[in-house]
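Participant: kindly return the folded structure for what I paste below:
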Amino acid sequence: RAFSLPIAKSEKVISGAITLYSKWMHLSSAPKPIQQHAIYFSKKMCCHLSFVFENRNISADRNEFKTHVALCRRVLCIYSKSARSPPGALSEQEWNEFLCRIYLGICDEVMKGPADSRSLGKDIEQDVFFCLFDIWLRSQLQNEALWSTLLAMANKEWIH
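Facilitator: Numbers count the residues shown, from 1 in each chain. Here you go, the predicted model:
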């Protein structure tokens, strides 16, 4: 729930949770229970981290907006790094297909909405698309439903 907290009041909590998840995603520094159930907890952490991208209706001229952009970029770096080292016994393709599903949700959240020039999507679109296509290509995705979803979302809903 830390990732959904208001940024103005909880920046340190959110930042600390991102730092902790980043360490735990690299299993050698994670607590033993997380290491023993690496796939389960890695998936949970990735899902939790996606809440950072929720629309918070923050005016672009506030410092809080800049903080939100920075937090999102940190999470994008975690996803990008994890795409190169899947947890446990998962293949890189299986792990990255899971990440593709998360990324569709992230893109749905940040790439549609008000078309003002300072929306969150406008500020992080290059980073989001770089990570999306990096992960998508690494997955060697053969799932037609996900390809159809990506195409439909990109054609109809994304404003940037």
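Participant: pLDDT weak spots in this protein?
Facilitator: Along the chain, segments meeting pLDDT under 70 span 113-118, 157, 159-160.
Participant: W158 reaches V110, doesn't it?
Facilitator: No - counting by Cβ atoms under 8 Å, V110 is not a contact partner of W158; they are 9.2 Å apart. Backbone N, C-alpha and C define where each C-beta goes, glycine included.
Participant: higher neighbour count, those two?
Facilitator: Ranked by neighbour count (other Cβ atoms under 10 Å), W158 and V110 place V110 first, with 22 against 16.
Participant: which helix or strand contains the closest residue to the more buried one other than its chain neighbours?
Facilitator: In space, not counting the residues next to it along the chain, V110 is nearest to G121; the distance is 4.3 Å by Cβ to Cβ, 6 or more residues apart in numbering. If you go by DSSP states H and E, G121 is part of helix 120-139.
Participant: and that helix, C-alpha only, in CSV?
Facilitator: The C-alpha trace of helix 120-139 is given here as CSV (Å, rounded to 0.1, in the frame of the first residue of the first chain):
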residue,chain,number,x,y,z
LEU,A,120,2.9,12.2,-16.3
GLY,A,121,2.7,10.3,-19.5
LYS,A,122,4.3,13.1,-21.4
ASP,A,123,7.2,13.4,-18.9
ILE,A,124,8.0,9.6,-18.8
GLU,A,125,6.8,8.4,-22.2
GLN,A,126,10.3,7.8,-23.7
ASP,A,127,11.3,5.8,-20.6
VAL,A,128,8.0,3.8,-20.6
PHE,A,129,8.2,3.0,-24.3
PHE,A,130,11.9,2.1,-24.1
CYS,A,131,11.2,-0.4,-21.3
LEU,A,132,8.0,-1.7,-22.8
PHE,A,133,9.7,-2.6,-26.1
ASP,A,134,12.8,-3.9,-24.4
ILE,A,135,10.8,-6.2,-22.3
TRP,A,136,8.4,-7.1,-25.1
LEU,A,137,11.3,-8.1,-27.4
ARG,A,138,13.1,-10.0,-24.7
SER,A,139,9.9,-12.1,-24.1
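Participant: cheers, nothing more for now.
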